[in-house]
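# make a model of this:
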Amino acid sequence: MENTPEIKTRLDKVIEWIGEKLSLIFLFIVAITFLEVFLRYVLNSPTIWVHETAIFLGGSLFIFGGAYALATDKHVRVVLIYDNVTTKTRHWLNIFHHIMGLTFSSMMTWAAYKMAKESWIKPWGDWQLETSGTAWNTHFPAYLKAIILITMIIVSIQFILKLIAEIRLLLGGKNV
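You can find the predicted model right below:
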């Protein structure tokens, strides 16, 4: 059985490049976590910033991971079915996947917009970023909600571009 060509848009290539650079942040998270453990348990001098920073950075990378997985075609797929059908059927399964993905990411974008708006703008209209409520009391929750919104917009655009490219492939055209 021949393989279905992988659809790789320009946006996918940019996301993959950014993702490879951002993955280095995991090393920073490990380093500051090690620093915190050393300061807390060896020197008995814990920090107020490491835990919150590590969670924010890790959460941000996790959110971006969805766009990266879609860009690198590493998302979950039922290969038992997908690998045992014809190339034309694979194209139809991909189209179905992209439509469902677009539907889901569009709904997530709307929910992320509402969540981000509430964390940036108070009900009475004042601009005020949500804070963590910890001793450090950063604006990380508001920033993270904005990152979720931006990432979901990007994922929605990815699904649109992949859907267009898949339809072109099905109709005998070129990949994007």
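# poorly predicted segments of the protein, please.
Counting by pLDDT under 70, the chain contains low-confidence residues at 1-5, 173-176.
# for it, which helix is longest?
Longest helix of the chain, by residue count under DSSP state H: helix 87-120.
# what comes up buried for that one?
Neighbour counts over helix 87-120 (16 or more other Cβ atoms under 10 Å) mark 90-91, 93-95, 97-98, 101-102, 105-106, 108-109, 112, 115-116, 119-120 as buried. Using the backbone N, CA and C atoms, a C-beta is placed for each residue, glycine as well.
# how about the following helix or strand past that helix: buried residues?
Tracing the chain past helix 87-120, the next element assigned as helix or strand by DSSP states H and E is helix 140-170. Residues of helix 140-170 classed as buried by neighbour count (16+ other Cβ under 10 Å): 140-163, 165-166, 169.
# helix 140-170 packs against which elements?
With contacts taken as 3 or more Cβ pairs under 8 Å, 6 or more residues apart in numbering; DSSP states H and E, helix 140-170 sits against helix 10-22, helix 50-71, helix 87-120.
# next, format these as TSV and append distance to V78.
Below are the helices and strands packed on helix 140-170 laid out as TSV (distance: least, Cβ to Cβ, whole Å):
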stretch	distance to V78
helix 10-22	22
helix 50-71	16
helix 87-120	9
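# closest to V79 out of these?
Among the helices and strands packed on helix 140-170, helix 87-120 comes nearest to V79, with 11.1 Å by Cβ to Cβ.
# so what's the gap between that closest one and the chain middle?
Mean C-alpha position of helix 87-120 versus that of the full chain (Cα atoms, centre = their mean, to the nearest Å) differs by 12 Å.
# same deal with stretch 146-159?
Computed by Cα atoms, centre = their mean, the chain-centroid distance of stretch 146-159 equals 7 Å.
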